[in-house]
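**Student:** 3D model of this:
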Amino acid sequence: MPSVTHDDAPPLADLMPWSVAPLRLGRGWPTAPDPASLKARWDALLKAEGPDRAALFEPTRSRSPRTAVGQLPGVAAGTGRLARASGPCPEPVRVLRAPFDEQWLIPDHRLIDAARPELWRVADTRQVFAVESPGTPGGLLATSLLPLFGPGRIRPLYRRPGGTEPNLAPGLLDHLTARLGSRPAPLDMLAWIVTAVREDDLAVPLTSDPARWQHGVRLGRRALWLLRRDGERPKLPGGRRPYVRAPLPPRPLTLRYDRDEEVLHLDEGRISPVPPDAWEFTAGGERVLEQWFAARTAEGEPGTLAAIRPAGWPQTWTSELLELITVLALLAEVRAERAAFTVPDPVTAAELREAGVLPVPRPARAPASVLDRREEGPEGQLALL
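**Tutor:** So this is what the prediction gives:
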């Protein structure tokens, strides 16, 4: 067996070899915390004509109202040039706009500078996207929604729709099966990665110890449940669940935290208890709760589409804030367990090379050919894939 060193853990880039660069929107107005604002922005854009429409659009070198592009995979949106477009707004879809910030997007290829269609082709209810997130505890996030933030790369768990063909190094699961005595499921592999990945270099120590493997998978499964927010809604124990103690104003403008009282103040509105770990939870070097609040209270520049926002504070935002506080508090507990997690009996990168799992063959780093859906090209033509 090869000698073991701390630095001999295989990198995430080898374990999940296919990755995609982050999406690049090019303009902020096609995303919003509420879908109604997006539909109002679309209507305002289409009511404008000529130079006024172009100015509202906020053109870049990649996109202008005269750009012709194909339809996003799996989305019903127009492909005619936006300069002469009419009709209703494409139905907004839920996305992860920033770490822990679920918002909405107008899924129209004409509005997005770099939409990464290869991600849209594999996005479905079975998919999980692992997102490299520098400055976030663990350095890695996971989401069932299409992630719209960078700068780290996006690694889908599956290379094809329907949860088929896992995006894992060929032969990796076979090798781990021989070492562990049972076959890991692809989602178990991702759960282990979420638990064991090193933040500094995104290397992933592996183990041949079945008990340690199961422990790491259980910890990672809980993290994935909280990150994806699917299934049963997370709850803190009774007496620790956050509630609205004083009504939020119609349009709160300030956010502050009282650590001694564990109270989150939104102007004169109050939510408590809010654990300090939830308030201090950071992503990208910023407090998540502060970023989330700022995204919902920022005023767009007058005369721009981004200035079209809700007149008040929707009740849905309060519900989302209470759930976000819960998720961050529970993730902080997982993070504390993860900090004490150790990996005995490692399966090293040298061992994987000796077994022929590494280096990863070049095709595994490229997207799979997905030809099961017709895609409309520019100006209504059939796209050739």
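
**Student:** now do the SS call for residue 45.
**Tutor:** In three-state terms, and counting by DSSP: H, G, I helix; E, B strand; the rest coil, residue 45 is helix.

**Student:** what residues are up against it?
**Tutor:** Residue 45 makes contacts with 53, 56-57, 305, as judged by Cβ atoms under 8 Å, 6 or more residues apart in numbering. C-beta coordinates here come from the backbone N, C-alpha and C atoms, glycine included.

**Student:** so how far is residue 303 from it?
**Tutor:** Plainly put, residue 45 is 13 Å away from residue 303 if you go by Cβ to Cβ, to the nearest Å.

**Student:** ok, back up a step: can you redo the contacts of residue 45 as CSV with secondary structure, pLDDT and neighbour count?
**Tutor:** Output for those, formatted as CSV (DSSP: H, G, I helix; E, B strand; the rest coil; pLDDT from 0 to 100; neighbours: other Cβ atoms under 10 Å):
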residue, secondary structure, pLDDT, neighbour count
53, helix, 97, 18
56, helix, 98, 20
57, helix, 98, 24
305, helix, 98, 23
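
**Student:** could you dump these to JSON lines with distance to residue 289?
**Tutor:** As requested, the contacts of residue 45 are arranged in JSON lines below (distance: Cβ to Cβ, whole Å):
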{"residue": "53", "distance to residue 289": "37"}
{"residue": "56", "distance to residue 289": "32"}
{"residue": "57", "distance to residue 289": "33"}
{"residue": "305", "distance to residue 289": "27"}
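
**Student:** and residue 165, which helix or strand is it part of?
**Tutor:** Counting by DSSP states H and E, the element that carries residue 165 is strand 164-166.

**Student:** next helix or strand past that strand?
**Tutor:** Sequence-wise, the next helix or strand downstream of strand 164-166 (DSSP H and E) is helix 172-180.

**Student:** return the distance of that next one from the chain's centre.
**Tutor:** 29 Å (Cα atoms, centre = their mean, to the nearest Å).

**Student:** next one: stretch 310-321
**Tutor:** Distance, centroid of stretch 310-321 to centroid of chain: 21 Å (Cα atoms, centre = their mean).

**Student:** next, the distance between the ends of that stretch.
**Tutor:** This stretch, stretch 310-321, spans 17 Å end to end (Cα to Cα, to the nearest Å).

**Student:** do the same with stretch 342-349
**Tutor:** End-to-end for stretch 342-349, by Cα to Cα: 17 Å.

**Student:** same deal with stretch 232-249?
**Tutor:** Terminal residues of stretch 232-249 lie 30 Å apart, using Cα to Cα.

**Student:** also stretch 58-74?
**Tutor:** This stretch, stretch 58-74, spans 26 Å end to end (Cα to Cα).
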